[in-house]
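Engineer: Here's my sequence, what's the structure:
(chains A and B)
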There are 2 protein chains.
Amino acid sequence: MRPKLTDVAEKAGCSPTTVSRVINNYGYISQKTKDRVYAAMRELNYQPNTLARSLQGKQTKMIGVIVPSITNPFFAELVAKIEEQLSDDGYKMILCNAEQDSIKERQYLRMLEANQVDGIIAGSHNLDIEDYRRFGLPIVSFDRDLASSVPIVGSDNYQGGCLASQALVDAGCKHIYFIGNPNKTGNPTFYRFEGYADTMAKANLTVHTARSAFYESPSAKAAALKELLASERKIDGVFCSDDMTAILLLRVAKNLGIKVPEELKVVGFDGTQLIQNYEPDLATIVQPIGDLAGMLVKLLYERIADPSKPLAQNSYLLPVKLLKNQTI
Amino acid sequence: MRPKLTDVAEKAGCSPTTVSRVINNYGYISQKTKDRVYAAMRELNYQPNTLARSLQGKQTKMIGVIVPSITNPFFAELVAKIEEQLSDDGYKMILCNAEQDSIKERQYLRMLEANQVDGIIAGSHNLDIEDYRRFGLPIVSFDRDLASSVPIVGSDNYQGGCLASQALVDAGCKHIYFIGNPNKTGNPTFYRFEGYADTMAKANLTVHTARSAFYESPSAKAAALKELLASERKIDGVFCSDDMTAILLLRVAKNLGIKVPEELKVVGFDGTQLIQNYEPDLATIVQPIGDLAGMLVKLLYERIADPSKPLAQNSYLLPVKLLKNQTI
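Structural biologist: Purely as a prediction, here's the structure:
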């Protein structure tokens, strides 16, 4: 049976009025009481009925957006496009910059859970599916499979991996590396790796990988790239699973006297405006950032309008493009 | 006499309950009615009593942050630091990416006016002081003089202009250009220009300026820089009032075969982590982004705690540093 507000009150040892106040963020409630109410809500998997709230006209016209890092140019541009769309439609955006902090992300979800937003766009990768599954509000995920009830929007990472790798093959590369994180399931990078691996197999070339994680510091990444280029002199092509790593690689190659594209060809991934404007030589896979933002927002509105409506489709993969440039 | 809620109701031709609902964003109210109430509030310069609200425990624990562009790395890093600080203190951030859109910025202010945030950090430059003066909530401004009741936090732009220009003088430059926007009063760039101009005067060098506006497209900027470098062959030093312009300049110089730093020395401004990590050769003036964010948030908390308390100080200028690098 679906838990009721009175069940939460009993479990938390307070009055239903207090629970309601915590949920609606109304009146003074001590942090201790709030924590107890939140804990009881979680334990019982209590979900405030958002549809009923919306019929009562209690929409907050606020959307929570959770991203791994807005100082990463890709997420900065995605967030800017999402905010533009929401603002046009009279919504405000509460932004959570989750970094690698799963505690912060969980706290944010808890706050948002407490009835302060109409829905959430989740683009971070810290939490387990379980954390999202018990979540009561409409939610749309960017580039990560959270739960079967949550629609996913992302670029066609597999296609991007194939395009980038095939461009290197077509340019005559024989020892092509993938630099990124090929291991983590559920992470979009994985599909970029699969596209790369399948392309290598078709071309009868060997798969080579060098690990590079999103949150590693640029100087640690640069040191690892230097070691790789210095020790593996046969490398003639690299597909980097993000542009920022590709830029570091170009810099390291230049310092080692390796000529791009003559001795080493490089293709990145993301293709932000920042990269296209300020690193115009870099060949890369361009994600359709405006379309991604538009689709995330549109699907979220549909979930808000009717959270119980079955999904026509769980996953929306938007096509990417190869931007041919001087590094290939 | 201070206008009352009943005055707003009379002016708007609706009941005081409706006005209260609009202000508190509660219950269903048509957009037409909302617009009428907002118009009456503005006309009467009605300000909901935030102190009274806060005593009633009606803090929303939300802060509005308005910036010109989060896709600019400086603002991305500033917003990330502000959000980190707010989140640590249990506040959420509503982010408005104002771009050059003064209509959007005014709409945001109106929404925030309607009682949905505890205060505002304003970092955008679109609106006139008048738009902010009639604003009823606690407000702190980043790098712009909005009104005498609004504290300003910024970097010491004048000191930065002096440091950058003196570094070029010390490196032996004789024909030093300032590239930025030297005209707009109230814009921080202006003080960077003043520091430059005073340094030129002390060194008995002529002031040369080339205009470059924040919102110009990078390709338009690059074309103008190319024309400048191609026509003014005597230029041996440039102080760019932002790093992104400096990067374009370095690229243009490279394409024209002008050697940096032998023939042309360049100093930028901002010194974000992105620049330090990915353009490590660029000499620049480093703004203390973390300290700026901390000061903005701290002052805003003080305004929220007591909006009527006189300001001990109107303007807070934080020191900047010269990062000496290969381009000088």
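
Engineer: Run through the stretch 101-250 of chain A and note the low-pLDDT ranges.
Structural biologist: Applying pLDDT under 70 to the stretch 101-250 of chain A picks out residues A:113-115, A:125-136, A:147, A:184-186, A:214.

Engineer: what's the host helix or strand of residue A:105 packed up against?
Structural biologist: Residue A:105 belongs to helix A:102-113 when elements are defined using DSSP states H and E. For helix A:102-113, the packing partners by 3 or more CB pairs under 8 Å, 6 or more residues apart in numbering or on different chains; DSSP states H and E come out as helix A:31-44, strand A:62-67, strand A:92-97, helix A:129-133, helix B:73-88. Heads up, the C-betas are built off the backbone N, CA and C, glycines and all.

Engineer: Of all those, which one is nearest residue A:285?
Structural biologist: Residue A:285 sits nearest to strand A:62-67 of all those, at 19.9 Å, using CB to CB.

Engineer: Can the closest one be said to contact chain B?
Structural biologist: Yes - under the criterion of CB under 8 Å from any CB of the partner chain, chain B is reached by strand A:62-67 at residue A:62.

Engineer: average model confidence for that strand?
Structural biologist: Average pLDDT, strand A:62-67: 92.

Engineer: does residue A:328 really touch residue A:265, like I thought?
Structural biologist: Yes - with contact defined as CB atoms under 8 Å, residue A:328 and residue A:265 form a contacting pair (4.9 Å).

Engineer: Next up, the contacts around residue A:288.
Structural biologist: Contacts were defined as CB atoms under 8 Å, 6 or more residues apart in numbering or on different chains; by that measure residue A:288 touches A:155, A:318, A:319, A:320, A:321.

Engineer: On the pLDDT front, check the third one for me.
Structural biologist: The one in question is residue A:319. So, for residue A:319, pLDDT stands at 97.

Engineer: Would it be right to say that residue A:120 lies in a strand?
Structural biologist: Yes - when classified by DSSP: H, G, I helix; E, B strand; the rest coil, residue A:120 is found to be part of a strand.

Engineer: State the distance from the residue nearest the centre of chain A to chain B.
Structural biologist: For chain A, the residue nearest the mean C-alpha position is residue A:123 (3.4 Å; CA atoms, centre = their mean). Counting by CB to the nearest CB, to the nearest Å, the gap from residue A:123 to chain B is 14 Å.

Engineer: Any idea how many residues pack against the residue lying closest to that residue once chain neighbours are set aside?
Structural biologist: Of all residues not flanking residue A:123 in the chain, residue A:142 sits nearest, at 3.7 Å (CB to CB, 6 or more residues apart in numbering or on different chains). Around residue A:142 there are 26 other residues, counting by other CB atoms under 10 Å in any protein chain shown.

Engineer: List the residues that are in contact with both of residue A:328 and residue A:265.
Structural biologist: Joint contacts of residue A:328 and residue A:265 (CB under 8 Å, 6+ apart) are A:168, A:171, A:283.

Engineer: Could you identify which of those has the most neighbours?
Structural biologist: residue A:168 (27 neighbours).

Engineer: How about the secondary structure of that residue?
Structural biologist: helix.

Engineer: Residue A:235 is in contact with that one, correct?
Structural biologist: No - at 10.9 Å, residue A:168 does not count as touching residue A:235 under the criterion of CB under 8 Å.

Engineer: what does the helix or strand hosting residue A:225 contact?
Structural biologist: Element membership for residue A:225, per DSSP H and E: helix A:218-231. For helix A:218-231, the external contacting residues (CB under 8 Å, 6+ apart) are A:177, A:179, A:210, A:212, A:235, A:244-245, A:248-249, A:251-253, A:255-256, A:258, A:264, B:277-278.

Engineer: Can you say which of the residues you listed are buried?
Structural biologist: Those of those that meet the buried threshold are A:177, A:179, A:210, A:212, A:235, A:244-245, A:248-249, A:251-253, A:258, A:264, B:277-278, by 16 or more other CB atoms under 10 Å in any protein chain shown.

Engineer: Tell me the residues of the stretch 101-250 of chain A that contact chain B?
Structural biologist: So far as CB under 8 Å from any CB goes, the stretch 101-250 of chain A lies against chain B at A:104, A:107, A:108, A:111, A:116, A:218, A:219, A:244, A:247, A:248.

Engineer: ok, now how distant is the nearest residue in space to the last one that is not next to it in sequence from residue A:246?
Structural biologist: With CB to CB, 6+ apart as the measure, residue A:222 is the residue that lies nearest to residue A:248, at 4.9 Å, once sequence neighbours are left out. Distance of residue A:222 to residue A:246, computed by CB to CB, to the nearest Å: 12 Å.

Engineer: Which one of those two is surrounded by more residues?
Structural biologist: The neighbour comparison of residue A:222 against residue A:246 (other CB under 10 Å) goes to residue A:246, with 26 against 21.

Engineer: after the host helix or strand of that one comes which helix or strand?
Structural biologist: Using DSSP H and E, residue A:246 maps to helix A:243-255. Downstream of helix A:243-255, the first helix or strand assigned by DSSP H and E is strand A:265-270.
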